[in-house]
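Enquirer: Kindly generate the corresponding structure for this input.
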Amino acid sequence: MKSDKSKVLHEVAGAALIERTIAMIKDTYPAQIIAVVNRKNMFEVKRIFKNQILYSLQLQPKGTGDAALIGLKRVKENIPVVCVMYGDDTAFYQAKTIEEVYAHYLKSKAVVTFVTLKLEGPAGFGRIVRENGKVIAIVEEKDATVSQKQISEINDGVYFFDKDWLSKNIHKLKPSVTTGELYITDMIGEAIMQKKKVETYTLSDTDEWHSVNTPADLKTAQAKYAKNIHIMGILGAGASAAAGIAQGFGYHVDGCDLEPKSSYVKNLKNIRIAKDHSKSHLENIGMLIYSPSVLKFDPKNSEVATAKRLKIPVLTWQEFQGRFLQNGKFVIAVAGAYGKSTTTAMISQILIDQNLDPVCEIGAEVLDWGANFKIGKSKYYVCEADEYNNNFLNYKPDIAVILNVSWDHPDFFKTKESVVDSYKKFVGNIKSGGYLVTGKGKELTELSNFRKDIKIKKTENFANLNLALIGRFREENANAALTVSKILNLDIKKAKQTLEKFKGLARRLEYKGEIANVKVYDDYAVQPYTVSKTIDALCEKFPKKKLALVFEPHTFSRIRGFFNEFAKNLTQAKVDSIYVTEIYAARETGDRMKLAKKLVAAIGKKAKFTGSLGKTADYLKQNLSDFDVILSCGAGNSYKLWDLLNSN
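Expert: As a prediction, the model looks like this:
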């Protein structure tokens with residue numbers, strides 16, 4: 001590449017190619033790292049690495065073979081294996097891949113193992129010539145025959161040598177007739193001529209390799225690198241959907257999570273997911289995406305801190321979705337303290353059934369999909385817009401739906417006024433000429449007074465809805481979805497038919513099954529209002545049945561902030577028994593028993609503190625004859641109750 005700067009010093013995503021290569025090598029924990037430098041790049045390379053590695057100076061540019069010969073002189077005597085690699089083309093490698101090549105070399109007992117890869121129509125690269133599967137030559141393109149030029153397998157520039165054999169034979173290299181340089185690839189020919197064992201390792205993930213020989217190659221590398229993303233907290237409801245969509249959009253995705261067991265993992269095929277957080281995950285990534293809960297639990301998280309130090313772009317998954325995944329899309333975003341997951345899924349299913357092929361991000365598994373996302377190919381992008389942490393301010397919707405502005409998340413929103421202020425900012429994000437769909441009420445009306453360049457639509461009441469979902473309150477969600485359908489000029493009759501068949505979401509009054517003739521339901525409800533509405537829906541469906549509520553209080557801040565409302569609503573709830581578990585602390589700390597017992601005392605005689613979820617399940621199993629229906633509510637571990645009831 002013609003440039004005043006040495007090729008290995010060109011930057012991709014804020015770091016020099018050689019910087020990325022050596023960072024990757026360090027993660028393999030080699031006995032030595034020796035960089036062969038030249039007069040052009042010596043001072044800059046030493047400035048980057050200082051005393052972290054060893055240096056050998058190549059006085060004249062006499063080729064890769066000469067560089068290897070110079071570097072060999074600094075290798076310790078007791079080291080039996082030498083890995084030779086180029087400092088630029090290997091910048092995208094994963095440490096795990098180098099370790100796999102090394103393991104393959106050791107197992108094969110060859111004098112040399114080198115990496116190859118297959119490309120469609122490669123140009124400018126040496127071809128791997130085989131006979132009966134064995135390598136018999138590497139032919140440079142300029143020397144290749146017409147048939148050899150059709151070969152797709154090329155040399156990748158990573159070699160593992162037996163050091164003693166290499167030391168004894170590298171002096172046999174002869175200068176190229178064309179350039180006068182010595183090439184390390186000729187050592188493979190030497191080994192073949194000596195009838196020594198030569199092995200190859202085929203690089204399965206070609207995204208780990210990128211040749212940088214021109215400014216265009218460098219630009220492509222920049223774009224390619226940005227597509228390598230790592231998602232922290234990848235198995236959360238929203239982050240997992242963003243991961244699946246990103247993969248569908250061509251991103252190279254991997255991730256990590258403190259809790260690798262999740263119902264969402266089944267839909268993230270071919271995505272490597274590591275347990276726990278580690279700065280080693282930052283290797284060869286263009287962006288670090290994280291769930292906001294990561295920093296809630298660990299504000300000084302070392303993985304995030306290291307990424308920022310390395311100048312790797314760091315974004316929440318909501319920022320990533322808004323800036324990258326939704327770029328150029330017609331965005332339909334649904335907000336509200338409750339009902340947004342169901343409404344988002346309803347709108348999505350209507351668009352799917354009317355062949356509009358949307359991209360969909362849902363905060364829960366849609367039962368008919370068995371997943372929480374869809375990767376459509378049209379302009380439409382339907383998503384939830386969560387107010388917590390002001391996450392919804394990352395979106396610029398064409399159609400915004402606000403179901404309600406109820407106060408929740410008191411750990412973030414200290415007052416009701418602060419909630420309304422955030423919703424006003426969300427309304428401010430609606431694209432000029434777009435739509436705002438709201439329910440009725442003074443608060444919702446006042447949200448939009450300042451926007452004269454958008455169209456305001458109140459949620460219409462559509463008659464003759466016959467939903468399959470339990471609970472008349474779901475008609476509010478259906479009406480919002482149908483109002484959006486009307487804005488889009490869709491077939492309303494067909495849209496109603498979609499909603500009548502809609503089975504709902506996991507953890508939204510989800511029927512789990514029956515045990516000893518007792519029906520078990522599970523719901524995500526965590527607010528006083530939603531818990532009450534969920535109970536009312538089941539009481540309406542089973543008017544003469546004995547209903548038990550298992551309530552797992554979610555976070556200290558929510559229970560303390562709305563304590564009186566919880567006590568009032570649960571006292572008035574039409575259930576026969578209420579079993580309150582320990583507080584699910586999530587990102588907070590405190591006495592998980594004390595506050596829960598205080599809530600039980602405030603509810604009165606029909607409430608009982610039952611401790612852990614496991615102990616609660618044990619108590620219920622011993623008293624199943626007392627109930628006809630059991631409902632578990634909470635956003636923590638309460639969904640596990642069904643499995644615990646069925647365990648021995």
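
Enquirer: what's the closest non-adjacent residue to Ser263?
Expert: Leaving aside its sequence neighbours, Ser263 sits nearest to Glu365 (Cβ to Cβ, 6 or more residues apart in numbering; 6.4 Å). The C-beta positions use only the backbone N, C-alpha and C, and glycine is treated the same way.

Enquirer: was I right about the one you found contacting Ala371?
Expert: Yes: when contacts are counted by Cβ atoms under 8 Å, Glu365 is listed as touching Ala371 (6.3 Å).

Enquirer: Neighbour count: the two, which is higher?
Expert: When neighbours are counted by other Cβ atoms under 10 Å, Glu365 and Ala371 differ, and Glu365 comes out ahead with 25 against 20.

Enquirer: picking that back up, who are the contact partners of the residue nearest to Ser263?
Expert: Glu365 is in contact with Ser263, Tyr264, Ala371, Asn372, Leu505, Ala506, Arg507, counting by Cβ atoms under 8 Å, 6 or more residues apart in numbering.

Enquirer: any idea how far Ile559 is from the nearest residue in space to the last one that is not next to it in sequence?
Expert: To tie it back to what came earlier, the one meant is Arg507. For Arg507, ignoring the flanking residues on the chain, the nearest one in space by Cβ to Cβ, 6+ apart is Tyr524 at 4.4 Å. According to Cβ to Cβ, to the nearest Å, Tyr524 and Ile559 sit 16 Å apart.

Enquirer: Looking at these two, which is more packed in?
Expert: With other Cβ under 10 Å as the criterion, Tyr524 and Ile559 differ in neighbour count, and Tyr524 comes out ahead with 25 against 22.

Enquirer: so what's the more buried one scoring on pLDDT?
Expert: Looking at Tyr524, its pLDDT is 88.

Enquirer: State the three-state secondary structure for the residue nearest to Ser263.
Expert: In the three-state summary, Glu365 is assigned as strand, counting by DSSP: H, G, I helix; E, B strand; the rest coil.

Enquirer: Thought Ile362 was touching Ile245, still the case?
Expert: No: taking contact to mean Cβ under 8 Å, the distance of 10.9 Å between Ile245 and Ile362 leaves them out of contact.

Enquirer: Now do the shared contacts for the two.
Expert: When Cβ under 8 Å, 6+ apart defines a contact, the residues bordering Ile245 and Ile362 alike are Phe373.

Enquirer: how many neighbours does Val146 have?
Expert: Close neighbours of Val146, defined as other Cβ under 10 Å, add up to 6.

Enquirer: what's it sitting at in phi/psi?
Expert: The phi and psi torsions at Val146 (degrees, to the nearest 10) take the values phi -60, psi -40.

Enquirer: what's the distance between it and Thr220?
Expert: Counting by Cβ to Cβ, the gap from Val146 to Thr220 is 28 Å.

Enquirer: Same check on Glu120?
Expert: Glu120 sits 15 Å away from Thr220, going by Cβ to Cβ.

Enquirer: The two: which is more packed in?
Expert: Residue environment comparison for Glu120 versus Thr220 gives the larger neighbour count to Thr220, 14 against 6, counting by other Cβ under 10 Å.

Enquirer: how much space between the more buried one and Gly590?
Expert: Computed with Cβ to Cβ, the distance linking Thr220 and Gly590 is 52 Å.

Enquirer: swap in Gln321?
Expert: Computed as Cβ to Cβ, the Gln321 to Gly590 distance reads 32 Å.

Enquirer: Those two - which one has more neighbours?
Expert: A direct count of neighbours by other Cβ under 10 Å for Gln321 and Gly590 places Gln321 higher, at 27 against 14.

Enquirer: Wasn't the more buried one part of a helix?
Expert: Yes: residue assignment for Gln321, taken from three-state DSSP, places it within a helix.

Enquirer: That one is in contact with Glu361, isn't it?
Expert: Yes: counting by Cβ under 8 Å, Gln321 does reach Glu361; the two are 6.7 Å apart.

Enquirer: Overlap in contacts, these two.
Expert: Both Gln321 and Glu361 are contacted by Ala242, Ile245, Cys383, under the criterion Cβ under 8 Å, 6+ apart.

Enquirer: helix, strand or coil for the first one?
Expert: Meaning Ala242. Of the three states, Ala242 takes helix according to three-state DSSP.

Enquirer: which ones are touching it?
Expert: Counting by Cβ under 8 Å, 6+ apart, Ala242 makes contact with Ile231, Ile289, Trp317, Phe320, Gln321, Leu325, Glu361, Phe373.

Enquirer: Please flag which of these sit within helices.
Expert: With helices taken from DSSP state H, the overlap with these comprises Trp317, Phe320.

Enquirer: Can you name the two of the contacts of Ala242 that sit furthest apart?
Expert: Ile289 and Phe373 (14.9 Å; Cβ to Cβ).

Enquirer: Those two: who's more crowded?
Expert: For the pair Ile289 and Phe373, the greater number of neighbours falls to Ile289 (28 against 25), based on other Cβ under 10 Å.

Enquirer: what's the residue nearest to Gly248 when sequence neighbours are not counted sitting at in phi/psi?
Expert: Of all residues beyond its chain neighbours, the one nearest Gly248 is Ile375 (3.5 Å), with distances taken as Cβ to Cβ, 6+ apart. Main-chain torsions, Ile375, degrees, to the nearest 10: phi -110, psi 90.

Enquirer: List the contacts of Ile375.
Expert: Applying Cβ under 8 Å, 6+ apart, one finds that Ile375 lies in contact with Gly244, Ile245, Gly248, Phe249, Val359.

Enquirer: Now stretch 174-186: buried residues?
Expert: By 16 or more other Cβ atoms under 10 Å, the buried positions in stretch 174-186 come out as Glu181, Leu182, Tyr183, Ile184, Thr185, Asp186.

Enquirer: same thing with stretch 101-114?
Expert: Buried positions in stretch 101-114, judged by neighbour count with 16+ other Cβ under 10 Å: Val101, Tyr102, His104, Tyr105, Ser108, Ala110, Val111, Val112, Thr113, Phe114.

Enquirer: Between the two ends of that stretch, what distance do you get?
Expert: Across its full length, stretch 101-114 reaches 8 Å between end residues, using Cα to Cα, to the nearest Å.

Enquirer: who touches that stretch?
Expert: Residues lying outside stretch 101-114 but in contact with it, judged by Cβ under 8 Å, 6+ apart, are 28, 81, 83, 115, 155-156, 158-162, 165-166, 187-188, 191, 196-201.

Enquirer: Please apply the same query to stretch 506-518.
Expert: The contact list for stretch 506-518, computed with Cβ under 8 Å, 6+ apart, reads 263, 341-342, 364-367, 469-471, 504, 519-524, 534, 537-538, 624-625, 627-630, 639, 642, 645-646.
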